[in-house]
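Participant: Fold the following.
(chains A and B)
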Amino acid sequence: MQEIRNYTINFGPQHPAAHGVLRLVLELDGETVMRADPHVGLLHRGTEKLAESKPYNQSIGYMDRLDYVSMMCNEHAYVRAIEQLLGVAVPERAQVIRTLFDEITRILNHLMWLGSNALDLGAMTLFLYAFREREELMDCYEAVSGARMHATYYRPGGVYRDLPAQMPKYRESPWTKGKDLKRVNAWREGSMLDFLDAFTDDFPKRVDEYETLLTDNRIWKQRTVGIGVVSPEQALAWGMTGPMLRGSGIEWDLRRKQPYAAYDKFKFQIPIGKNGDCYDRYLVRVEEMRQSNHIIKQCVAWLRANPGPVMVQNYKVAPPKREEMKNDMEALIHHFKLFTEGYSVPAGEVYAAVEAPKGEFGAYHRRWGEQTVSIEAARTGFCASFGDGRDRDRAHVAGRGCTDRHIRRRVRRDRSLSAGRTDHESHR
Amino acid sequence: MDQLLSLFNTYTAEFPTLWMTVKILLLPIVPLILAVAFFTVTERWVIGWMQVRRGPVYIGKGFLQPFADVFKLLFKEIIIPSKSNLFLFRLAPMLALIPAFAAWAVVPAGDGMVHSDVNAGLLYLLAMTSMGVYGIILAGWASNSKYAFLGAMRAAAQVISYEIAMGFALVGVLIAAGSLNLSEIVRAQGGNGGIFEWFMWPLFPLFLIYFISGLAETNRAPFDVAEGESEIVAGFHVEYAGSAFALFFLAEYANMILVSFLVPLFFCGGWLSPFPESWGLIGKGGPHWLAVKVAFFAFMFLWFRATFPRYRYDQIMRLGWKVFIPITIVWVMVTGVLVYTGVLVPNS
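Facilitator: Sure, this is the predicted structure:
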């Protein structure tokens, strides 16, 4: 009798569910994945090395690109680390704006996760629904920073500028005119805070809509319940954070455990899962979107009531006003120095972390002597080794292994971390 | 005029094969291809509407979009994988397409409006719809690609499983109608009760299972594992390009329209009106009623695609073997009892 052997199949990076960032060599027994061998590093860009050779402010934009679906959270960790080294106190209003945008980012990220995960499981409509809401929030990004994704909005010492008093409107186009134009601009008549108010009132209904399509859907449940189970012990041992850890039932959230920005001002709950499977992680993320919405609402109310500065008045770190530069030599010099040479931080070592949507995102800086060189490393939610994927993917049918979006984010982060470490070693 | 007519009659008598070919082209093929073309664009509009986007709007307001697509595909190069089996690789699309078109020979569009009114129409249909899967299996195997092969295996297993449930559902129809002829089956659903005379009521579980099996048989969402664009990329036709791909596409959509015709014919009174015959004009049957029913079921195909996630391959098997087949077997027996006790009276 002929021996029946497993066969290997190459999955990605050119695969619709790998999106060009992950390659797996899968060993299949029929349709069951017996082994998954990940090949990582497809998005390695040497960010840490690049950041070492630039003034601090010029590296903020790189942080956006580390995890390009949770942009401002990455910036947040980076600027917090610099602020800690400099010992700069950030104005309260800036802290609340950062909280606001961290939560907007969380919704953006979870919508992307939800939409593309559903798309990978064949539910195409949800993807477009999720992107409809993402569009509104992207407009908020654009309104404050001019960019829809890579905002560079957080700066050491605060944020780039205050929220706009007028939310930008859609212009008339051959497709959007008359009644349609009125409808899309309905929320945009007032300031950005008015827009966010309207959005937060509407968003829970949208989440209900997604849940109608998925939560009790038998097919969705069949494909996610009991899939990719991570026990709490395993999750801790692998160093998981974020929704992956909370999905396994461990209540760990930096926003609560080590409050930063203005999270201690606002009320919110931390959802946790029970079984640690794909379905629980889905539920956790959906509930996190609702909680983020709740936080945004509170931030908007606070920001309405408390006007004030959004940037420190320290010209060694923050640029002076344009008007001052016209008359004041000192201001002009400060501006020139800040944008050509940048600033130096005192010698020392710092690690600052935020609860990014995918888990803990941390920035590590180390600087010694008067040299300009400093060492930086980024850590994100899923730098736990990808090796654990092998255990989890075992005995799940093909088409399943690719459902958990984290895996590929994790791979990317993992690679950038190890690159950072190597640089560190060589400088020693 | 008379001269022309007699000339025409002479020609058709002299060249019966030629005349047959013209008839085949006129009745099922050209209208079917047009129907497929507009079904694709309707699908994109309907799903676009469900997904808060527009769908095709540019080329002739979208109406000419299918023709643009077809011409693009026809003018593209057919790329043949270097280690594929050339003969089978070229044969497979035709094997998928021919049965999909041939099945239409026995499908009536109205009373007496049928290409060939054979008595074994139902058997012929079953034979033709099962043949289509050979094209898919051969395409997957001949492409010499692992993804295509996975798709072919899935398609084979799926079609075999659902064929059985489908067959049993049709046995119920056969018992209730007492005929294998499709026109007879429709006539058996006529009567003074209008909609209540249709087989969908006494055979309700079979009606549902037949439609769902039809979805599975045509590899449509949520049963599109053989194609599974986000899992095995495009499954069996991943290596096909240009016109070869267009043939698969045509076959798939022709099959969808076929199932949209068969469900009303078997279960919803075909061309009969849902109102009693005694209501005069509105109670009179005709192709327009069939068109309405077909449009409804075709719309269901699109609606399902926009709503459901995809089943996993092993879950499809479980649904087919452990749920559908037992239910159909039981209901075939129930139908038998209904006929035996005289609740249902077959017309012949």
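
Participant: Low-confidence regions, the chain specifically.
Facilitator: Since you didn't name a chain, this refers to chain A. Regions of chain A meeting the criterion pLDDT under 70 cover residues A:1, A:368-428.

Participant: actually chain B
Facilitator: For chain B, the stretches with pLDDT under 70 are B:347-348.

Participant: Could you tell me which residues of it lie near chain A?
Facilitator: With C-beta under 8 Å from any C-beta of the partner chain as the criterion, chain B meets chain A at residues B:47, B:50-54, B:146-147, B:150, B:154, B:221-222, B:224-225, B:228-233, B:305-315. Using the backbone N, CA and C atoms, a C-beta is placed for each residue, glycine as well.

Participant: Please repeat the previous calculation with a cut-off of 6 Å.
Facilitator: Counting by C-beta under 6 Å from any C-beta of the partner chain, chain B comes close to chain A at B:51-52, B:146, B:222, B:230-231, B:306, B:308-315.

Participant: middle-most residue in the chain, spatially?
Facilitator: With no chain named, the answer covers chain A. Nearest to the mean C-alpha position of chain A, by C-alpha atoms, centre = their mean, lies residue A:70 at 2.1 Å.

Participant: That was the other one, I meant chain B.
Facilitator: Of all residues in chain B, the one closest to the mean position by C-alpha atoms, centre = their mean is residue B:258, 2.6 Å from it.

Participant: Assumed that residue was part of a strand.
Facilitator: No. Under DSSP: H, G, I helix; E, B strand; the rest coil, residue B:258 sits outside any strand and is assigned helix.

Participant: Which residue does chain A have closest to chain B?
Facilitator: When distances are taken as C-beta to the nearest C-beta, chain A reaches nearest to chain B at residue A:122, 2.8 Å away.

Participant: quick check, that residue in a helix?
Facilitator: No. Going by three-state DSSP, the assignment for residue A:122 is coil, not a helix.

Participant: what about the residue lying closest to the residue nearest to the centre of chain B once chain neighbours are set aside, neighbour count?
Facilitator: Distance criterion C-beta to C-beta, 6 or more residues apart in numbering or on different chains; nearest residue to residue B:258, sequence neighbours excluded, is residue B:103 at 5.7 Å. Other residues within reach of residue B:103, judged by other C-beta atoms under 10 Å in any protein chain shown, total 24.

Participant: Can you give me the distance of residue B:103 to residue B:237?
Facilitator: To residue B:237, residue B:103 is 20 Å away according to C-beta to C-beta, to the nearest Å.

Participant: For chain A, which residues are neighbours of chain B?
Facilitator: Proximity of chain A to chain B (C-beta under 6 Å from any C-beta) is limited to residues A:9, A:16-17, A:31, A:120-123, A:125, A:128, A:132, A:219-220, A:222-223, A:397, A:399.

Participant: Contacts only, for the residue of the stretch 1-150 of chain B found nearest chain A.
Facilitator: In the stretch 1-150 of chain B, the residue that lies nearest chain A is residue B:51 (4.2 Å; C-beta to the nearest C-beta). For residue B:51, the contacting residues are A:125, A:128, by C-beta atoms under 6 Å, 6 or more residues apart in numbering or on different chains.

Participant: Helix, strand or coil: sort out the closest residue to chain A within the stretch 201-348 of chain B for me.
Facilitator: Per C-beta to the nearest C-beta, residue B:310 is where the stretch 201-348 of chain B lies closest to chain A, at 2.8 Å. With three-state DSSP as the basis, residue B:310 sits in coil.

Participant: Tell me how many other residues crowd it.
Facilitator: 26.

Participant: What distance do you get for it to residue B:206?
Facilitator: 25 Å.
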